[in-house]
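K.L.:
Just the structure for this:
(one chain, ligands or ions: 1)
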Amino acid sequence: PQVRVNAEESEETEGKVDLPKVEEGLGAIPDALTTDAQVVQRESESISTKKLRSHAEKFEFQAEVSRLMDIIINSLYSNRDIFLRELISNASDALDKIRFLSLTDKTVLGEGDDAKLEIQIKLDKDKKILTIRDRGIGMTKEDLIKNLGTIAKSGTAAFLDKMQKGGDLNLIGQFGVGFYSVYLAADYVEVISKHNDDKQYIWESKADGAFAVAEDTENEPLGRGTEIRIHLKDDASEYLEQDKLTELVKKYSEFINFPIYLWASKEVDVEVPADEEAEEAEEVSDEEKDEKSGDESSDEEETESKPKTKTVKETNWSWQLLNEVKAVWLRSPKDVTDEEYSKFYHSLAKDFSEDKPLAWSHFSAEGDVEFKALLFIPPKAPYDFYENYYTSKATLKLYVRRVFITEEFDDLLPKYLNFIKGIVDSDTLPLNVSREMLQQHSSLKTIKKKLIRKALDLIRRLADEDPEESSDENTANEDEDDKNDKKGKYAKFWNDFGKAIKLGIVEDATNRVRLAKLLRFHSSKSGDKLASLDQYIARMKPKQKDIYYITGQDREQLERSPFLEKLKKKGYEVIYFTDPVDEYLTQYLTEYEDKKFLNVSKEGLKLGSKEEKQKWKQIKESFKELTNWWKDVLTSDKVEGVKVSNRLANTPGVVVTSKYGWSANMERIMQAQTLTDPSKQGYMRSKRILEVNPKHPIIKELREKVATDPEDENTKLTAKLIYQTALLESGFLIDDSKQFASSVYSVIKSNLNIDPDAAVEEEDDEVEEESDVKTDTSNEKVEPELEEDDEAPMIKDVINEVEPEEGSLKDEL
Ligand SMILES: Nc1ncnc2c1ncn2[C@@H]1O[C@H](COP(=O)(O)OP(=O)(O)OP(=O)(O)O)[C@@H](O)[C@H]1O
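P.N.:
Numbers count the residues shown, from 1 in each chain. Next up, the predicted model:
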């Protein structure tokens with residue numbers, strides 16, 4: 001009755017209380033928050049809560065967060081259980097943080113219960129509230145506002161995007177927005193939190209675009225930590241069942257490193273003194289017992305000696321421990337099952353997809369530096385792995401003597417291996433020093449070296465175990481996921497992490513050879529499978545000295561490249577490098593097993609026997625007049641030289657670049673980078689050499705024409721056109737497309753027997769509409785404006801012409 005009076009009182013006064021106005025600039029707060037929240041509060045709490053409401057500051061969720069919550073609260077997602085896992089994971093993170101701080105300052109833990117690093121779960125069936133509480137680091141008022149609403153992490157947008165494409169809500173934890181999954185099961189949530197640096201605050205929201213924060217003077221002081229009160233949706237009462245929660249915690253949170261307790265009731269049999277009336281009934285029940293035991297004589301004796309008591313059922317409430325803290329990495333590898341490893345990976349990586357890790361390595365290092373480690377190769381690259389390659393943090397968790405220190409420790413693995421998830425637990429590192437001090441500890445270098453070695457061994461083993469499976473076959477009518485499922489393990493690895501290995505070759509000189517062994521590619525002989533450098537070398541022709549490769553946009557284009565005509569005919573294998581990173585890769589990977597890498601689209605390709613070379617000398621001589629003449633014709637095109645080619649079969653000509661300059665592909669990539677300085681581009685651009693096929697009828701005919709009349713304008717035009725066409729076929733972009741087009745039109749005119757000087761029919765001025773005149777004038781005006789801003793045309797050109805085809809290297813990464 002007491003409660004009801006309070007509720008009525010609160011109703012009366014509450015109707016009159018004006019809620020604080022939304023701060024300027026934050027926009028209106030939907031009425032639903034205040035009114036509905038009041039109802040919930042009235043039902044569940046006391047008058048004091050009303051006070052809290054009236055003092056609460058209101059905030060709007062950041063727009064993306066709001067959209068995310070909207071999706072979650074309205075979702076009919078069947079696997080709602082995941083919210084519990086996310087909240088427990090947050091609680092565990094908060095406990096890790098305070099434990100870490102306590103290493104250098106014991107007082108942060110406080111005393112008594114405050115010092116207990118644990119998670120508690122309570123159920124209130126009447127009020128339909130599920131409560132999860134931790135004694136972690138807690139949140140200050142500012143933390144509550146920022147972390148739970150106003151700051152959108154990069155993962156928010158990425159997750160929304162994923163959801164729009166039909167993604168799985170189960171993956172929410174990987175995007176760093178796991179907290180909001182609570183609204184799968186709740187329609188109203190209160191977060192009470194106490195951080196050592198601030199007072200106790202309460203955050204609340206109904207996921208309708210707004211939340212409120214107020215100082216909490218009404219609830220029990222938490223001491224330290226966070227309590228999340230989940231007001232369950234009507235159809236989510238299953239989360240009020242002890243058994244359900246016990247099952248969920250066991251299933252999802254078995255690797256949480258802190259004890260998780262449930263405030264649970266147990267029916268127990270209790271002996272109480274028997275009262276007179278119940279005596280008879282008890283005798284009956286005793287007889288039943290006797291029948292079951294089948295030993296009458298001994299029982300008879302007992303009955304006689306027993307005091308008069310009876311057994312009643314009593315409900316006992318106590319904290320029940322739901323998990324055993326399992327440090328998998330500390331166990332011997334032979335005692336851990338594959339399933340346990342797999343489950344541990346999922347919990348560690350917050351990756352709750354069905355996919356198992358591709359491989360793992362569990363080892364301990366002994367000697368001067370002792371540590372145990374467990375490394376996993378995830379089934380897929382994290383959503384932002386390449387996007388944020390240079391800013392990404394390490395994903396290894398560092399423990400010192402079983403105490404979690406940090407997971408953002410950059411010094412354990414190099415950037416290119418940042419996709420590896422795992423745990424390192426060292427007995428050698430000191431426990432009671434700051435992160436900065438730890439970072440400088442001499443053992444870290446040794447740990448890092450061993451971890452890299454082990455990680456690379458792990459990848460190599462994955463490759464070795466899967467030599468035949470590296471098929472990258474593309475089957476029509478299959479979507480990406482299906483195709484991926486059918487790939488072998490290493491092909492899958494390569495698909496997701498190949499770029500990282502290539503970046504490793506660029507960045508890690510010490511391990512370059514080891515990494516080069518892991519390289520996979522398509523080649524003119526690999527068909528649909530991926531090949532390795534070792535396979536390439538095994539297939540090399542007896543006298544072949546170099547490893548041939550070509551770079552370009554895609555495999556299909558390279559397969560048709562004129563640069564390969566002769567090489568293919570002669571049975572040489574050519575590697576196709578189609579990733580923009582490959583251009584950088586080949587600058588660093590210049591040799592493998594004493595064989596040099598040679599780009600077949602650059603000068604310096606030497607093919608053929610001694611006799612053939614002799615023959616070529618003669619041919620070169622006989623084409624000297626043509627090549628010299630041609631070079632003069634192309635003076636304005638900045639062509640370094642014109643040579644007779646020995647790499648062509650069916651194409652009249654190709655344009656090659658100098659050995660150390662950019663390839664055509666690199667030029668294309670650089671031009672696609674909007675911010676590339678155009679002056680530098682000219683400087684870095686490689687010298688171009690036109691190579692012509694002396695056996696081709698076009699070239700032969702041209703030689704005749706030049707011999708007869710070197711000044712003929714038509715012959716010069718044809719020579720220029722051949723060069724420009726060769727440029728295109730060799731993968732370059734044409735500088736002067738206007739001039740190229742007009743040359744092509746001249747040829748078209750000649751094919752159509754039109755007089756080269758035939759004029760275009762003029763429009764009748766008198767019927768010209770006014771709007772046309774306007775357009776003309778506006779065109780005239782544009783030019784001086786562009787002159788004012790020198791950069792504008794460059795950026796515009798790049799964006800319009802190149803950008804849509806190809807992103808910048810950074811984009812592609
Ligand atoms: N129980 C808690 N104690 C202290 N801080 C918390 C707690 N729960 C959440 N937070 C804070 O709120 C932030 C947002 O939580 P959220 O679950 O959305 O993302 P996350 O924990 O960073 O990532 P993930 O979802 O992968 O766990 C956390 O980073 C943390 O700072």
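
K.L.:
from the protein, which residue is nearest to the ligand?
P.N.:
Gly178 (2.5 Å; Cβ to the nearest ligand atom). Backbone N, C-alpha and C define where each C-beta goes, glycine included.

K.L.:
residue ranges with poor pLDDT in the stretch 101-250 of the chain?
P.N.:
By pLDDT under 70, the stretch 101-250 of the chain has no low-scoring segment.

K.L.:
likewise the chain?
P.N.:
1-54, 276-307, 467-487, 673-684, 764-813.

K.L.:
Up against the ligand, what does it have?
P.N.:
Proximity of the chain to the ligand (Cβ under 6 Å from any ligand atom) is limited to residues 86, 89-91, 93-94, 134, 136-139, 147-148, 173, 176-179, 226, 350.

K.L.:
Of the residues you listed, which count as buried by neighbour count?
P.N.:
Those of the residues of the chain next to the ligand that meet the buried threshold are 86, 89-91, 94, 134, 136-139, 147-148, 173, 177-179, 226, 350, by 16 or more other Cβ atoms under 10 Å.

K.L.:
Which ones among those lie within strands?
P.N.:
Those of those mapping onto strands are Asp134, Thr226, per DSSP state E.

K.L.:
ok, back up a step: with adjacent residues omitted, what lies nearest to the residue of the chain closest to the ligand?
P.N.:
Glu86 (3.4 Å; Cβ to Cβ, 6 or more residues apart in numbering).

K.L.:
for the one you found, what are its contacts?
P.N.:
Ile172, Gly173, Gly178, Phe179, Ser181, Val182 (Cβ atoms under 8 Å, 6 or more residues apart in numbering).

K.L.:
Tell me which two in these are the farthest apart.
P.N.:
The largest separation in the contacts of Glu86, counting by Cβ to Cβ, is between Gly173 and Val182 at 12.5 Å.

K.L.:
Go ahead and confirm Gln242 touches Leu262.
P.N.:
Yes: counting by Cβ atoms under 8 Å, Gln242 does reach Leu262; the two are 6.6 Å apart.

K.L.:
Spit out the residues that contact those two alike.
P.N.:
By Cβ under 8 Å, 6+ apart, the residues touching both Gln242 and Leu262 are Leu123.

K.L.:
isn't there a strand covering Thr446?
P.N.:
No: counting by DSSP: H, G, I helix; E, B strand; the rest coil, Thr446 falls outside a strand, being helix.

K.L.:
which non-adjacent residue is nearest it?
P.N.:
Going by Cβ to Cβ, 6+ apart, Thr446 has Val369 as its nearest residue, at 4.4 Å.

K.L.:
I'd guessed the one you found sits against Asp427; true?
P.N.:
No: using Cβ under 8 Å, Val369 is not in contact with Asp427; the gap is 9.0 Å.

K.L.:
Just want to know which of those two has more residues nearby.
P.N.:
Val369 (19 against 14; other Cβ atoms under 10 Å).

K.L.:
So what does Pro562 have for phi and psi?
P.N.:
phi -60, psi -20 (degrees, to the nearest 10).

K.L.:
and the gap between it and Pro652?
P.N.:
9 Å (Cβ to Cβ, to the nearest Å).

K.L.:
Same question for Lys570.
P.N.:
20 Å.

K.L.:
which one of these two has more residues nearby?
P.N.:
The neighbour comparison of Lys570 against Pro652 (other Cβ under 10 Å) goes to Pro652, with 21 against 13.

K.L.:
check contacts around the more buried one.
P.N.:
Counting by Cβ under 8 Å, 6+ apart, Pro652 touches Val692, Asn693, His696, Ile698, Ile699, Ile722, Ala726.

K.L.:
One more: Trp263?
P.N.:
Counted by Cβ under 8 Å, 6+ apart, Trp263 has contacts Gln120, Ile121, Lys122, Leu123, Trp317, Ser318, Trp319, Gln320.

K.L.:
now swap in Phe61 and tell me
P.N.:
Met69, Gly149, Thr150, Ser205, Gly209, Ala210, Phe211.

K.L.:
Recalculate using a threshold of 10 Å.
P.N.:
67-70, 148-150, 152, 180, 205, 207-211 (Cβ atoms under 10 Å, 6 or more residues apart in numbering).

K.L.:
need the contacts of Glu86 in TSV with distance to Lys595, can you?
P.N.:
What follows is those, written out as TSV (distance: Cβ to Cβ, whole Å):
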residue	distance to Lys595
Ile172	49
Gly173	47
Gly178	50
Phe179	55
Ser181	54
Val182	59
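
K.L.:
out of those residues, which one sits closest to Phe409?
P.N.:
Gly173 (20.5 Å).

K.L.:
Just the ones of the contacts of Pro652 in strands?
P.N.:
Short answer: these in strands (DSSP E) are Val692.

K.L.:
so which of the contacts of Pro652 is the most crowded?
P.N.:
Among the contacts of Pro652, the one with the most neighbours (other Cβ under 10 Å) is Val692, at 27 neighbours.

K.L.:
In this structure it contacts Gly641, no?
P.N.:
No: applying Cβ atoms under 10 Å as the test, Val692 and Gly641 come out as separate, 11.1 Å apart.

K.L.:
Need the overlap of contacts for these two.
P.N.:
Thr627, Trp630.

K.L.:
Out of the contacts of Pro652, which comes closest to Gly661?
P.N.:
Distances from Gly661 to the contacts of Pro652, taken by Cβ to Cβ, are shortest for Ala726, at 17.4 Å.

K.L.:
Skipping adjacent residues, who's closest to that closest one in space?
P.N.:
The nearest residue in space to Ala726 (Cβ to Cβ, 6+ apart) is Gly653, at 4.0 Å.

K.L.:
so Lys659 sits in a helix?
P.N.:
No: counting by three-state DSSP, Lys659 is not found in a helix; it is coil.

K.L.:
Give me the number of neighbouring residues for it.
P.N.:
Close neighbours of Lys659, defined as other Cβ under 10 Å, add up to 12.

K.L.:
Would you list the phi and psi of it?
P.N.:
phi -50, psi -40.

K.L.:
for Asn650, same thing?
P.N.:
Torsion angles, degrees, to the nearest 10, at Asn650: phi -110, psi 0.

K.L.:
tally of neighbours for it?
P.N.:
11.

K.L.:
Settle this for me: Asp457 is touching Ser361, isn't it.
P.N.:
Yes: using Cβ under 10 Å, Asp457 is in contact with Ser361, at 7.1 Å.

K.L.:
the more surrounded of those two?
P.N.:
Ser361 (19 against 14).

K.L.:
Confirm the more buried one sits in a strand?
P.N.:
Yes: under three-state DSSP, Ser361 falls within a strand.

K.L.:
Isn't it up against Lys450?
P.N.:
No: the pair Ser361 / Lys450 is not scored as a contact, 11.1 Å apart, by Cβ under 10 Å.

K.L.:
any residues in contact with both of these two?
P.N.:
By Cβ under 10 Å, 6+ apart, the residues touching both Ser361 and Lys450 are Ala373.

K.L.:
that older thread, intersection of neighbour lists for Asp457 and Ser361?
P.N.:
Shared contacts of Asp457 and Ser361, defined by Cβ under 10 Å, 6+ apart, are found at Leu375.
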